[in-house]
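**Student:** Show me how the following folds:
(4 chains)
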4 protein chains.
Amino acid sequence: MRRFPAHPFEPLNDGDKLKEECGIFGVIGLTDAANFVALGLHALQHRGQEAGGIVTYEPETGFHSERRFGYVRDTFTSAGVMKLLPGSLGIGHVRYSTAGSKGAAQIRDVQPFFGEFAIGGCAIAHNGNLTNAARLRKDLIARGAIFQSSSDSECIIHLMARSLQKTQAERLKDALRLVEGAFSVIAMTRTKLMGVRDALGVRPLVIGRLGEGWVLASETCALDIIGAEFIREVEPGEMVVIENGQVTSSRPFAPAKSRSCIFEQVYFSRPDSIVGGRSVYETRRQIGVELAREAPVEADLVCPVPDSGTPAAIGYAAESGIPFGLGITRNQYMGRTFIEPSEQIRNMGVRLKLNVNRALIRGKRVILVDDSVVRGTTSRKIKDMILEAGAAEVHFRIASPPTAWPCFYGVDTPERSKLLAATMTEDEMRDWIGVDSLKFISLDGLYRAAGEDAGRDPASPRYCDACFSGDYPVIPADKMDEGFVMKAAE
Amino acid sequence: MRRFPAHPFEPLNDGDKLKEECGIFGVIGLTDAANFVALGLHALQHRGQEAGGIVTYEPETGFHSERRFGYVRDTFTSAGVMKLLPGSLGIGHVRYSTAGSKGAAQIRDVQPFFGEFAIGGCAIAHNGNLTNAARLRKDLIARGAIFQSSSDSECIIHLMARSLQKTQAERLKDALRLVEGAFSVIAMTRTKLMGVRDALGVRPLVIGRLGEGWVLASETCALDIIGAEFIREVEPGEMVVIENGQVTSSRPFAPAKSRSCIFEQVYFSRPDSIVGGRSVYETRRQIGVELAREAPVEADLVCPVPDSGTPAAIGYAAESGIPFGLGITRNQYMGRTFIEPSEQIRNMGVRLKLNVNRALIRGKRVILVDDSVVRGTTSRKIKDMILEAGAAEVHFRIASPPTAWPCFYGVDTPERSKLLAATMTEDEMRDWIGVDSLKFISLDGLYRAAGEDAGRDPASPRYCDACFSGDYPVIPADKMDEGFVMKAAE
Amino acid sequence: MRRFPAHPFEPLNDGDKLKEECGIFGVIGLTDAANFVALGLHALQHRGQEAGGIVTYEPETGFHSERRFGYVRDTFTSAGVMKLLPGSLGIGHVRYSTAGSKGAAQIRDVQPFFGEFAIGGCAIAHNGNLTNAARLRKDLIARGAIFQSSSDSECIIHLMARSLQKTQAERLKDALRLVEGAFSVIAMTRTKLMGVRDALGVRPLVIGRLGEGWVLASETCALDIIGAEFIREVEPGEMVVIENGQVTSSRPFAPAKSRSCIFEQVYFSRPDSIVGGRSVYETRRQIGVELAREAPVEADLVCPVPDSGTPAAIGYAAESGIPFGLGITRNQYMGRTFIEPSEQIRNMGVRLKLNVNRALIRGKRVILVDDSVVRGTTSRKIKDMILEAGAAEVHFRIASPPTAWPCFYGVDTPERSKLLAATMTEDEMRDWIGVDSLKFISLDGLYRAAGEDAGRDPASPRYCDACFSGDYPVIPADKMDEGFVMKAAE
Amino acid sequence: MRRFPAHPFEPLNDGDKLKEECGIFGVIGLTDAANFVALGLHALQHRGQEAGGIVTYEPETGFHSERRFGYVRDTFTSAGVMKLLPGSLGIGHVRYSTAGSKGAAQIRDVQPFFGEFAIGGCAIAHNGNLTNAARLRKDLIARGAIFQSSSDSECIIHLMARSLQKTQAERLKDALRLVEGAFSVIAMTRTKLMGVRDALGVRPLVIGRLGEGWVLASETCALDIIGAEFIREVEPGEMVVIENGQVTSSRPFAPAKSRSCIFEQVYFSRPDSIVGGRSVYETRRQIGVELAREAPVEADLVCPVPDSGTPAAIGYAAESGIPFGLGITRNQYMGRTFIEPSEQIRNMGVRLKLNVNRALIRGKRVILVDDSVVRGTTSRKIKDMILEAGAAEVHFRIASPPTAWPCFYGVDTPERSKLLAATMTEDEMRDWIGVDSLKFISLDGLYRAAGEDAGRDPASPRYCDACFSGDYPVIPADKMDEGFVMKAAE
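**Tutor:** Modelled structure (predicted):
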């Protein structure tokens, strides 16, 4: 008899996608703020699925904080938990993983973080990654600071605690001037909601309005869910302070040309969001159009790898004239469990999540459009499924350039040696995956799809594209302490 | 300050979809059968999300039964629960709701049902609905039977218990000859796996093979997930008994022309399944093609209502030449909670689940392709969202004929007076929903898409289409006792 | 380094006590009956700690049933569960173990059991054990009955279902006339609360009154907790039916001389209960007095084995003039867990639950008073602890005669070969336990303490004392089918 | 119909007992240390029932910390949690309540507290209360410390973090020299287990040995449970450091005459513990003897209020010659729930926990022996129960002097105005409770029972008896800041 290993529902979690690490959200001036925060975090769940937290403030009872592992829909929806979060001012955070922490995820690493200072309490939610956090942490501990988490973001709270400034806003500026790296931060005190983006604006942050209330969020889709109006982005290097219904803006950092993350356009952000003034869906569809021009091939069917490859596949099909069809079905009841996957099950992973529509695929020359290739393991499994279903040819078209460098600005990337594109040429990758052809969009093509008609300006690129180019706009100090070698130094 | 009601995550559960009530699955001859059953049920989760159950048999410890509320991925994946289900023979069931039960769902209504008879134990899993269950139940109780559930399916077990036959297979035949209605049944004893379909074959059931083991399942997608080979359908009116690796077939019922459910093609079955010998995806795509021919309109964008409208939208776009685009984004983290929705939240429901891609929709004449209209309330909300996003025109195209009659064969339908099409003409519906045009595919068009090139033969239709036509192939006895009036009698 | 095995909190659960299997309780005419039932079951928790269940009836919504594993204080106290049990009529049950069921405890074995008959629903709660249940079960299954539990008590429901009588009360009589063994039963229909004791009255059952409501309970301590007045016992062989505030009495069974269980006096019942017209505390104290007369010894301290040995120890000390002292402290936070105890931990068991007061014991000649000796393993461990603490002598005095025969009337007893007194003389037991002296009270002494000044009348004993005497007042039919040999036949 | 409020199981939790706030325990040199810590905390559960925590260290994986609400038996017994706590060095803490925290209990207030310093990690468990914690906290926050809890004990960690000393032991000394009040502290680093008592030795701490391992614990009963040998007390003002199997002792504080808490003898400590060289049971029994001499009365029964009044009642009965009997039965299944008690239920509270043995009490003149009177509300309810059961007379004898002053050294006391003895004379209390007589033991009598044959020496009392005498050995600085007035200043 055939034997099958226990626990068959391990998700496809083999590290073969880059993972955004955080979504952040805050509201001020809305009764029962926690409800809005929960809704906003739900809309941002794609930015972090491991855990979430909400902090609110209510004048009589003070600050309230609840942190939970799991999806917002499961953890912040009961009447019981909502009763623990009173007040009309609140912020929240969803996260993916624990930068710097080895071992099991710990609730103490879940944001927002809170500090009680001599001038009152302050909570912060941070999206991004600080590239000098290890150095700062060491210094702070030597001076008597006690860290409660393994998160780089906690440095911000300790730097605020030590600041000699008399207001929370000034203390936050003090703190953020000392950190390096990528950060979009939402903070709250007893009366203020504050939002800041680093000078390069790597991570997104937008301002919305709902009635008399104000909202800050990672993406516009989180404004849509609560019916808030999208006002504008917090600009790179800008700090906004919202109090008593008024928004005041300042620019605490040295001016710099913005370098927002281009992967937000390719994969992280939700397709119905507006990021950096552009429709993410439109960018992705346009990537497909560019890909069809750069890498045409004769075929019978353009088939997206669900779900993130779909807009590019639509663009490819429209531009090429080849029929578009759903050759791969995603099981919409896939969950997220923590059971340790055995090797055998891990290999079955794709089947649990994806199934091929055999009747559609059989005998056809199929173009598969996917968003990216990281380790390449998933691509191989998908190719196997498609061939087993009887496809005549399989052609991969990838809606991003080869991912050859790790991100140090808030994205979970495997170390460089695990990135397929760091060790192989395009042809080697094609052979390793085992397909008839494999083509990535060019960096220039990607820039064109993202609105830069002239392609990438190497002297002053509009986006941070370090994961493709190795051109890091901020020196990754901690990582270099650990031995990372920059491209120029190779 | 704007106030928002608590518990914001109620799902869009306003009864505006017909709901399949069950998926069934069984294996014999595979070590750790419960793992395969869990995988199969996971693949069939779209057929029933409320609860699931698994029964296994292991010679030393006997029969084992576990029943749980919730998704299979959450309830049948821990090592703990799997250890409770040893053996190489097992069956399982996922269900949507409790036919006949008022009030809260009860675990005792969750299948498989089990009976210990004088000749040994037997467990059954039933997909469908018995139209004379109330009458049978009354008779059985009068003769001393004690029912443990409110389910119609339990009658089968009691009828088996009273049979004078000497084998379980013969007892099952005895029992099924006394029931009326639609049923696909999987049953198991200590040594046998059995599968039966009613004479009309209303509900599906297929046979698969994996190594030395055999599999029975509602749909082929549940064979795919475990890598089993699709052998054939259990035919309408057929009973198969699998024991010691041998399959034997018999025909216990009076012969009848088959009338399989056409709504399985339209909506219930998964698009990657083969049902009645046809690719469900292909039928749906073809419905879109037929719709484009029957009900063309000048427009700028063909947009599916996610997710079930997508194949028909692809077909409509291909046939009409109008661009296909994803104008509505579904939140993939929507859960399923049981918190009672307040009226206000219910009205917000669509926004929690769906969001409009404003950048794509603005200024466009949009064709929305949806699978069906039941009460029409969802259609109104979607129209509101699309218009609010700035669409120039909204045209609904529905991939099924008007749903004007309730189903009594295993589908959860509102009572007739709640069905929009039972009380309005197409034009009235268009005005009530508030769109520029509304068109349903014709019944003949649907049959053509489903492979009947000549359309529907009124004298001997190939499918059960009672929900559209009011032509019920089995008299709904219990419902008529309750006052239901058939079409002919109106 | 010394290694200690994991999971250190296994309770002292080595089967070295006889265990009552059930407590039952019912009320009629009290709003929110479930609250009263929960309180009553809490007061009866000593009669069954594994699981509990409550059934209520409310005219609009019908019967409601909730069953849970664990203590009443943990399972039937939340507002949530109480809301599920509306109505002013309800019954409940706490249980210890599953007679006849091998393997893990199952919720389906938890009472009350419920049956829907042609004449309406009925729920029953049964304390005791039916000695011909296996025979009845086989017959009922052969006639088509489907059993849902492994409990002997379910027979009663099936016998009622098959009765041709027109009222529930008459059906209950029909059923109980067919069963043999010991039973106190509380039953409820939509309008009636009923209580019955078998003709011998082996298990207790009392009637109480609270305002306009009526109460039935296993013991009077369950009346005290809700402030109900103790009216009288349900007499052996009596059936009471309470409806519309009226109590009617009948005697459905052939008359017989009562033989109530004497172990209720010795150990099962709570000391503050009145059982069979006698104060349980007073009986136990008097047992100590008799013991001091029958088995005096020179010593410095009379020390109870907590907690059930305390009243007898007080009596022994008072009669002997030897000081009474608490030489053994019981940890009041001992819980009840289900983790499988390892052998090593099991041996540490006593220390987890009990600790010796070394300062009090050291150098003293100690008389330990315990309620009974079953396997003797606990007695050995206690002796070890006392000696290790420095006692000069250890004398055991046991407040019951040697337990040499299993009980088949609702008490969980090891099989005969595991009973120490079935295989050893008193002297052999003394040596095996390893104490300076060991004395049991005589059967006559026990009867004297229980109010029979003349001791036991062998021709017509007042109590059922089968566990001491082997004189079984009801033939244990099922057990004899399994091979049990009665004393006379030895 | 009589209506009964929902949720009937609220415990008798009306603040009518003083509550110890902590028990602490630590081991070094024992494989699987967490198992021993869990056992030790279980034995100390009477010192704190709200929550518990364990920290262990294992060289490869570092420090591990788990904190839970609830009893140790429920929270630290699963294999799952024990696997999270590897290593042969560990400390633990059980706690009752949150000094200084208003609102719901928070897991962040549960000890042990942990700090990562520049010289490595350190965890501490603190029993007692710091009387200048509020002042220290304010200073520390002003210097940039971020507090994670509302506990006074966290100051110790922050003071250690700021110390310039090079070893953890020296840092701990530095920190403890700055705090005032009562403290017994157990601390651990990667290699050391440390124990310290304040100069007065208010709270207990003992040293034990098990094989090659060493143990520190609040009481000797926690040594007994794991079979460890009691070596000696940590002396007042002593610090012990255990490393590599060696114990080194030092005296970091200014010398002072010891003043251990006399209430540990009266009520807090377990009767089977040796505290300050005395058997707690013997002291309590002797209190009963002294009470019988000081406050004799003619009566028929000496009855303890369970469970803490029992040893004194035994002493009273022995000295007076009046029979001892258990007139009040405690329900051993009373749990501890957090449901907010309604007023009505609270009044029923005593009945849920205690029941009177009517048969024993009726017609008798009863002497009730209780350990203390705090608010007096429980005493009134018990008197009501006893009278309702038919007692002829009720005489209260209290095994401690009138509690007239709050404790600021680690005991939860109501504010002074809520203490019955702070506002009434003994006669007024007698009338308010409504008994025939009420007598407290004298302070001199208590000292005699506690081994001071000459009674209390007012110039230099052996014990801290501030709760009785108002003589506070340490100035309660924070409380005086809040307005508390010392006796001398009245």
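
**Student:** which stretches of the stretch 101-250 of chain A have low pLDDT?
**Tutor:** Low-confidence segments of the stretch 101-250 of chain A, defined by pLDDT under 70, span residues A:101-105.

**Student:** Could I get the full set of strands for it?
**Tutor:** Ranges of strands within the stretch 101-250 of chain A are A:113-117, A:120-130, A:181-188, A:193-197, A:206-210, A:213-217, A:229-233, A:239-243, A:246-250, based on DSSP state E, counting those that start in this stretch.

**Student:** Can you lay out the ones you listed as a markdown table showing distance to chain D and mean neighbour count?
**Tutor:** (Glycine included, C-beta is placed from N, CA and C.) Converted to a markdown table, those look like this (distance: least, Cβ to the nearest Cβ, whole Å; neighbours: other Cβ atoms under 10 Å in any protein chain shown):
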| stretch | distance to chain D | mean neighbour count |
| --- | --- | --- |
| strand A:113-117 | 5 | 22 |
| strand A:120-130 | 10 | 26 |
| strand A:181-188 | 15 | 27 |
| strand A:193-197 | 18 | 26 |
| strand A:206-210 | 29 | 20 |
| strand A:213-217 | 24 | 28 |
| strand A:229-233 | 31 | 15 |
| strand A:239-243 | 22 | 21 |
| strand A:246-250 | 24 | 12 |
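
**Student:** residue ranges with poor pLDDT in the stretch 351-490 of chain A?
**Tutor:** Low-confidence segments of the stretch 351-490 of chain A (pLDDT under 70): A:489-490.

**Student:** For it, which segments count as helices?
**Tutor:** A:358-361, A:377-388, A:420-423, A:426-433, A:443-449, A:466-469, A:477-481 (DSSP state H, counting those that start in this stretch).

**Student:** separation between whichever residue of the stretch 351-490 of chain A sits closest to chain C and B:H42?
**Tutor:** Here the stretch 351-490 of chain A gets closest to chain C at one residue, A:L352, 29.4 Å apart by Cβ to the nearest Cβ. Distance of A:L352 to B:H42, given as Cβ to Cβ, to the nearest Å: 7 Å.

**Student:** okay, these two: which has more neighbours?
**Tutor:** Shown here are A:L352 and B:H42; by other Cβ atoms under 10 Å in any protein chain shown, B:H42 has more neighbours (27 against 21).

**Student:** So in chain A, which helix runs the longest?
**Tutor:** If you go by DSSP state H, chain A has its longest helix at helix A:280-294.

**Student:** After that helix, which helix or strand is next? Please name it.
**Tutor:** Scanning forward in sequence from helix A:280-294 by DSSP states H and E, the next helix or strand is strand A:301-304.

**Student:** For that following strand, name the packing helices and strands.
**Tutor:** Applying 3 or more Cβ pairs under 8 Å, 6 or more residues apart in numbering or on different chains; DSSP states H and E, one finds that strand A:301-304 contacts helix A:310-320, helix A:358-361, strand A:365-370.

**Student:** for the first one, which positions count as buried?
**Tutor:** Residues of helix A:310-320 classed as buried by neighbour count (16 or more other Cβ atoms under 10 Å in any protein chain shown): A:T310, A:P311, A:A312, A:A313, A:I314, A:G315, A:Y316, A:A317, A:A318, A:E319, A:S320.

**Student:** and if you look at stretch A:252-268?
**Tutor:** Neighbour counts using 16+ other Cβ under 10 Å place A:252-253, A:258-268 of stretch A:252-268 among the buried residues.

**Student:** quick one, what contacts the nearest residue to A:P406 once chain neighbours are set aside?
**Tutor:** Residue nearest to A:P406 in three dimensions, not counting chain neighbours: A:T413, with 4.1 Å by Cβ to Cβ, 6 or more residues apart in numbering or on different chains. A:T413 makes contact with A:L18, A:V374, A:T403, A:P406, A:C407, A:L419, A:C467, according to Cβ atoms under 8 Å, 6 or more residues apart in numbering or on different chains.

**Student:** In the record's domain split, what are the boundaries for chain A?
**Tutor:** Per the record, chain A has its domains at A:19-259, A:279-459+A:467-472, by automatic domain parsing.

**Student:** Quick check: which of those is buried the most?
**Tutor:** domain A:19-259 (a mean of 22; mean count of other Cβ atoms under 10 Å in any protein chain shown).

**Student:** measure that one end to end?
**Tutor:** 19 Å (Cα to Cα, to the nearest Å).

**Student:** how about that domain, does it get close to chain C?
**Tutor:** No: applying Cβ under 8 Å from any Cβ of the partner chain, one finds domain A:19-259 separated from chain C by no less than 10.7 Å.

**Student:** just to revisit the earlier point, which of the buried residues of stretch A:252-268 fall within strands?
**Tutor:** Secondary structure from DSSP state E places A:S260, A:C261 of those in strands.

**Student:** Just send the buried residues of stretch A:252-268 back as CSV, with pLDDT and distance to B:S279 too.
**Tutor:** Putting those into CSV (pLDDT from 0 to 100; distance: Cβ to Cβ, whole Å) gives the following:
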residue, pLDDT, distance to B:S279
A:P252, 96, 60
A:F253, 96, 58
A:S258, 95, 49
A:R259, 96, 48
A:S260, 96, 43
A:C261, 96, 41
A:I262, 96, 39
A:F263, 94, 36
A:E264, 94, 37
A:Q265, 93, 35
A:V266, 92, 32
A:Y267, 91, 31
A:F268, 92, 35
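
**Student:** Out of the buried residues of stretch A:252-268, flag the one nearest to chain D.
**Tutor:** Of all the buried residues of stretch A:252-268, the one with the least separation from chain D (Cβ to the nearest Cβ) is A:P252, at 20.5 Å.

**Student:** Give the phi and psi angles for the closest one, as a check.
**Tutor:** Here is the backbone geometry of A:P252 (degrees, to the nearest 10): phi -70, psi -10.

**Student:** Excluding sequence neighbours, find me the nearest residue to it.
**Tutor:** Nearest non-adjacent residue to A:P252, counting by Cβ to Cβ, 6+ apart: A:K173, 4.2 Å away.

**Student:** dump the residue contacts of the one you found.
**Tutor:** A:Q165, A:M239, A:S250, A:P252.

**Student:** who's the closest residue to the third one other than its chain neighbours bridged to?
**Tutor:** Okay, so that is A:S250. Nearest non-adjacent residue to A:S250, counting by Cβ to Cβ, 6+ apart: A:M239, 5.1 Å away. Going by DSSP bridges, A:M239 is paired in beta bridges with A:V196, A:S250.

**Student:** okay but A:M239 is in contact with A:P252, surely?
**Tutor:** Yes: assessed by Cβ atoms under 8 Å, A:M239 is found in contact with A:P252 at 5.4 Å.

**Student:** Now the common contact residues for those two.
**Tutor:** With contacts taken as Cβ under 8 Å, 6+ apart, the residues that reach both A:M239 and A:P252 are A:K173, A:V196.

**Student:** ok, so what distance separates A:K17 from C:T283?
**Tutor:** Counting by Cβ to Cβ, the gap from A:K17 to C:T283 is 74 Å.

**Student:** er, A:C303 actually
**Tutor:** Using Cβ to Cβ, we find A:C303 at a distance of 84 Å from C:T283.

**Student:** A:S372 too?
**Tutor:** On the measure of Cβ to Cβ, A:S372 and C:T283 end up 81 Å apart.

**Student:** cool, A:Q165 as well?
**Tutor:** Separation of A:Q165 from C:T283 (Cβ to Cβ) stands at 79 Å.

**Student:** Phi and psi next, for the closest residue to chain B within the stretch 101-250 of chain A.
**Tutor:** Using Cβ to the nearest Cβ, the single residue of the stretch 101-250 of chain A nearest to chain B is A:G211, 4.0 Å away. Dihedral angles of A:G211 (phi, psi; degrees, to the nearest 10) stand at phi 60, psi -130.

**Student:** do A:D371 as well
**Tutor:** Dihedral angles (degrees, to the nearest 10) for A:D371: phi -80, psi -30.
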